[in-house]
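Novice: turn this into a structure:
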Amino acid sequence: MELERAKKKRQALDAMKLRENRTQLDSWRTPAVHPRYRASYSSIYPNEEEETTGTFGVRVFVCIALFACFVAADQKSIDIPGYSTKGLLNAIERKMDVNGLPSSFLKEFDLSSIL
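Specialist: You can find the predicted model right below:
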């Protein structure tokens, strides 16, 4: 019984410390404002940092899903009409003809220094 009580006290103390740490981390973003007025300051001047949502996770998921479909099609020898895994591999490995591209594109993506 005392162990449970001590455990609950410890959890409450840990939760309180966690809340204090969070408020301290949030307070470093605001300028030097007296703690009494910090809440009103944050209501008047909202946090300037807006969380931007990126599409990196979605793109990674799509790439992994496409790769998994490619591997499954290769393992089961499934041919999509007009496409096959061997044809896709050949298209990937084929050297691209850069003579038809505009010169501005070639200057922007010049890889001769690393090749």
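
Novice: can we go C-alpha only for contacts and neighbour counts from here?
Specialist: Fine.

Novice: residues in contact with the helix or strand that contains Lys86?
Specialist: Per DSSP states H and E: Lys86 is located in helix 85-93. Applying CA atoms under 8 Å, 6 or more residues apart in numbering, the contact partners of helix 85-93 are 70, 73-74, 79.

Novice: distance from the chain centre to the longest helix along the chain, please.
Specialist: When the chain is parsed with DSSP state H, its longest helix is helix 2-27. With CA atoms, centre = their mean, to the nearest Å as the basis, helix 2-27 stands 30 Å off its chain's centre.

Novice: any low-confidence regions in the protein?
Specialist: 23-32, 46-52, 98, 101, 104-111, 113-115 (pLDDT under 70).

Novice: tell me the domain boundaries of it?
Specialist: Following automatic domain parsing, the chain resolves into domains at 2-44, 56-93.

Novice: okay, these in a markdown table with distance to Ser112 next?
Specialist: Compiled in a markdown table, the domains of the chain are given as follows (distance: least, CA to CA, whole Å):
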| stretch | distance to Ser112 |
| --- | --- |
| domain 2-44 | 46 |
| domain 56-93 | 19 |
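
Novice: dump those to TSV, plus distance to Ser103 and mean neighbour count.
Specialist: Converted to TSV, the domains of the chain look like this (distance: least, CA to CA, whole Å; neighbours: other CA atoms under 10 Å):
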stretch	distance to Ser103	mean neighbour count
domain 2-44	48	11
domain 56-93	23	11
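
Novice: returning to what we had before: can you tell me which of the contacts of helix 85-93 end up in helices?
Specialist: Those of these lying in helices (DSSP H): 70, 73-74.

Novice: could you list every helix and strand that the helix or strand hosting Tyr41 packs against?
Specialist: In this assignment (DSSP H and E), Tyr41 forms part of helix 38-44. Using 3 or more CA pairs under 8 Å, 6 or more residues apart in numbering; DSSP states H and E as the contact test, no helix or strand touches helix 38-44.

Novice: then it to CSV, C-alphas only?
Specialist: What follows is helix 38-44, C-alpha atoms only, in CSV (Å, rounded to 0.1, in the frame of the first residue of the first chain):
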residue,chain,number,x,y,z
ARG,A,38,3.3,36.4,-19.4
ALA,A,39,-0.2,34.9,-20.1
SER,A,40,-1.6,38.2,-21.2
TYR,A,41,1.4,38.9,-23.4
SER,A,42,1.0,35.5,-25.1
SER,A,43,-2.7,36.2,-25.7
ILE,A,44,-1.9,39.6,-27.3
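
Novice: I'm done for today, thanks for sticking with me.
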